[in-house]
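Student: Okay, here's the prediction I keep looking at, along with the sequence it came from:
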Amino acid sequence: MAKRTPALCLLALLLGAGICCDALAAAGSDDPTFEDILAADVDASLSGGNAAQTPPSKPVARIPFIQLKPQDSWTLEICTLAFLLAFLANIFIGRRRNEALAVAWTTELVAPGGVLDRNFALLGPDDGTAGEVLLKDSMHCYKLWASGRRHCQGMLATFNFMRRQDLLAYSVQAVRGARDNLELEVQMSSGSMPQLVLAIALPATARVMELDSADIKGLCKRVEPTRDRIAQWPERLVVLAEHSSIFYDLMTGQLLGLAFGKDAFQSLRPFFRFLHITSDLAEEDGNHQQVIRLSFSLPPKGDTAIVDRFLSLALLLADLLASYRLSPEQQKRASEARQRLATGQQQEGGVLEGLAKRAEERRLQKLKQEAERLKRLAPDQRARELERKQKLQAWGLLLLLLQLLPSPCNKRALLRPSHKTSRRNLLSFKPFRPQAMGDGRGSPSVRTCSLFLVAFFCPPIAVLIARGEIDSYFWLNLLLTLLAWLPGVIHAMWVLLSRNPLSRNMQTTLSTRVGVARSATRTAGARRAVVQPVRAAAATDDLGFKMMRKGVKEAAKETILSPRFYTTDFDEMDEIFNLEKNPNLPMAELEAMLSEFRKDYNQKHFVRNDGFAEAAEAIQGPMRKIFIEFLERSCTAEFSGFLLYKELGRRLQKSNPVVAEIFTLLARDEARHAGFINKALSDFNLALDLGFLTKNRTYTFFQPKYIIYATYLSEKIGYWRYISIYRHLQRNPDNQLYPMFEYFENWCQDENRHGDFLTAILKARPELLNGWEARMWSRFFCLSVYITMYLNDHSRASFYGALGLNTTQFNRHVILETNNSTARVFPEVPDIEAPGFWDRMDRMVGYNTKLAEIGASDAPAALKTLQKLPLFERIFAECVQLFFMPTKRAGSLDIEGAAGVLY
């Protein structure tokens, strides 16, 4: 169909042009028209029919098929064209205007000696002379992150500018008097803030917050400040507090003098929007629960005094909350209020679930009755009835598509922005996929189905809705759709399925970066040079590593083989470990494991000595760079496990406290390992910014069952890697490059205990170990882990050579032992002793080596891509053939000990 479409379009175009030309020729000639011929016939009939014998003076003209009337006015067409041109031009002008405003304000805020510079150790990813400070979420939303201050994990500043890139929305906002806003969110450290909720806002904003904020709606009430307590409280400023005593305690003289005193507030009133202090922020509003949110309109450009006062207010509140303590009576009342709120929400959820269930039963009953009624109709009546229903469904789909279009401005949305996309790679962030927009149990939602229907009939609209802005994806899809319809549909489907955002990082990110140069001298020329279309060149050290700042290494570029950060559907994970929904959990075995984890055998094991720094100094030349890369990858892998286990421990506290504590203790072990490796990097005068890595790394989403498979294999293969290196170096102490390897024996015991815990989880879920689907996924994850390790290690063969190891023999031994251990649990594992298995692995090593050589060449990027495509195809083909090679059918057996070491 795609091949015939251009030809049919061309044929239709030629036919239409011919018809139009005939019509124009007929309209512009001197030949008699149809009306003239008709008039001549009438005259002939009136004259008695003699006219028929008189030959016509001129030949009869051919009557055109289509007659065109002259255009009376082109005003409507000209206005429409002018509007379209203005709309398109405004996209680029408005985008540049918002970007210029964001850069100008950021330059003022991060200036040396400013409020942020004095209070935070790190502004953005880099606080040096040049680097990435500002993150772009969309054409009208920019974010600035600051960290490194006591009592708080950091502060997120979000610029919400007017939608200048959208002519219609900008016009509506201008009529309504909207302005550019800045929202500050101070994320307090865990335990540094008591349980309280307090909000101060203007009346209209307060009404919206009472409706939309769950913590305010459920815990707060309006407080009328009395003159005897606060004599200078401003008028028309609404206070929503959990207890009136909390409000009076926090309104100190310093705070009133800075912002909320009657005289001090006069200069802030035109800009202030709301202040929201909460220790119970709803999970759908953000990943961090203890926050201070302060929102205000931006003053005229250059007036930084107002912004500095708001910044000082947020930081002063952070210090006050860190030192503020509730009385025992207040603590009791706060706990009771939260318990009542949780009970009410649970009851409300049960009621809503019951209503939904009854509504679904009624809907199914109606469908059944309708089907029976149609069966009783005559065939022609049934056909007419079905046609009518199809028309109604088409109109309903059209109305649904209109509802999917983004609103020009949404007041409540501006008051409650999405924090899931503010920091691109949060653990709770779910990429855009059909299941993420469903009902939480994997069924696609109405919006998802509608988007895929739109992608089929009008691909550019689907891409525009999914991306949220007119960008390169939209223009590419429009071009593909115009050239041939089918490629546009395929591209739109790909955009919907691969949407992954702020992503991260986003990730695959939802945020693009704008480079901002920080300069002490803010001249006009310097300001024009602030915006960098690409990332500013990072400083490098003697080994060629890119540096974020002095002593802090920039994270290595993410590739398909690099260690990944994982996230999952935590609600589904909560159902897996819920004792009411899954009574088969071996709680006795898990409680025994918990007591074992609590003993913390390695609490005092990871203690460094003076030999670390001396050994690091002895490693020089190319080996120094290779060893640093090994430490970085190991640290990233351990830190990835810490983030996942920590989040699981936090999310499962209510459904299963035993499992939650085990995950927390697993996170303790992983954090200890990551910190130990990061400390080892300091011997090489380097370190990794793990906090920056948390916010900016790409997170790979796996369903819970896949997470269990992947983490089990990671723990097992980590055990065999570390214990094999340790035993080899114990027999060959001359190859001991660095003292860290002496700690690997106890390190491996942590990995082994983690694997035993995950083994118990697998056995408690029969669907993960039984059936053809479980066998397929077991085989897939085993091969994925084996291939990744095999290719990674062979790309760094010189490192293992320095340890006296043969890379190929070492990898084969580790894979063999891991496969034997896994076969005791997984229902099916690859047969790595089958003929041809290792030959295919070695061929992939050769292809991967050629890919690395192409990447290191000086060829243009487009040429490199073309050169890599055949190699990617060969690697993919080898992976597919490995997947379909013979396997070993194993079974879920109890682990009774480690397998014997082969060397």
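Tutor: That came in fine, so what should we check first?
Student: Helices of the stretch 751-900 of the chain, start to end?
Tutor: 772-794, 797-802, 807-823, 837-856, 861-883 (DSSP state H, counting those that start in this stretch).
Student: would you turn those helices into TSV with mean pLDDT and distance to P379?
Tutor: Where you see a C-beta, it was placed from the backbone N, CA and C, and this is true even at glycine. Below are the helices of the stretch 751-900 of the chain laid out as TSV (pLDDT from 0 to 100; distance: least, C-beta to C-beta, whole Å):
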stretch	mean pLDDT	distance to P379
helix 772-794	90	43
helix 797-802	86	75
helix 807-823	92	61
helix 837-856	91	60
helix 861-883	86	50
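Student: burial measure for H728, as a count.
Tutor: 19 (other C-beta atoms under 10 Å).
Student: before we move on, what about T304?
Tutor: 16.
Student: Without its sequence neighbours, what residue ends up closest to it?
Tutor: Nearest residue to T304 in three dimensions, chain neighbours excluded: E108, at 5.0 Å (C-beta to C-beta, 6 or more residues apart in numbering).
Student: What secondary structure category should be reported for that neighbour?
Tutor: helix (DSSP: H, G, I helix; E, B strand; the rest coil).
Student: So it versus V785, what's the distance?
Tutor: 49 Å (C-beta to C-beta, to the nearest Å).
Student: Equivalent analysis for Y712, please.
Tutor: 10 Å.
Student: Name the residue in the two with the higher neighbour count.
Tutor: Each of Y712 and V785 has its neighbours counted (other C-beta under 10 Å); Y712 has more, 25 against 20.
Student: I'd guessed the more buried one sits against L758; true?
Tutor: Yes - the pair Y712 / L758 is scored as a contact, 4.2 Å apart, by C-beta atoms under 8 Å.
Student: Do you have the helices of the stretch 151-300 of the chain handy? List them.
Tutor: 167-176, 203-212, 214-219, 244-250, 253-255, 262-268.
Student: returning to that earlier point: just name the most buried of the helices of the stretch 751-900 of the chain.
Tutor: Most buried of the helices of the stretch 751-900 of the chain, by mean neighbour count (mean count of other C-beta atoms under 10 Å): helix 807-823, with a mean of 20.
Student: can you give me the angle it makes with helix 772-794?
Tutor: Using axes from the mean of the first three to the mean of the last three C-alpha atoms, to 10 degrees, the direction of helix 807-823 lies 160 degrees away from that of helix 772-794.
Student: List the contacts of helix 807-823.
Tutor: With contact meaning C-beta atoms under 8 Å, 6 or more residues apart in numbering, helix 807-823 is reached by 712-713, 716-717, 720-721, 724, 755, 778, 782, 785-786, 789-790, 793-794, 797, 800-801, 829-830, 832, 838, 842, 888, 890, 895, 898-899, 901-903.
Student: now the angle between helix 837-856 and that helix, please.
Tutor: Using the same axes, to 10 degrees, helix 807-823 lies at 120 degrees relative to helix 837-856.
Student: Any regions of the stretch 51-200 of the chain where pLDDT drops low?
Tutor: 51-73, 125-132 (pLDDT under 70).
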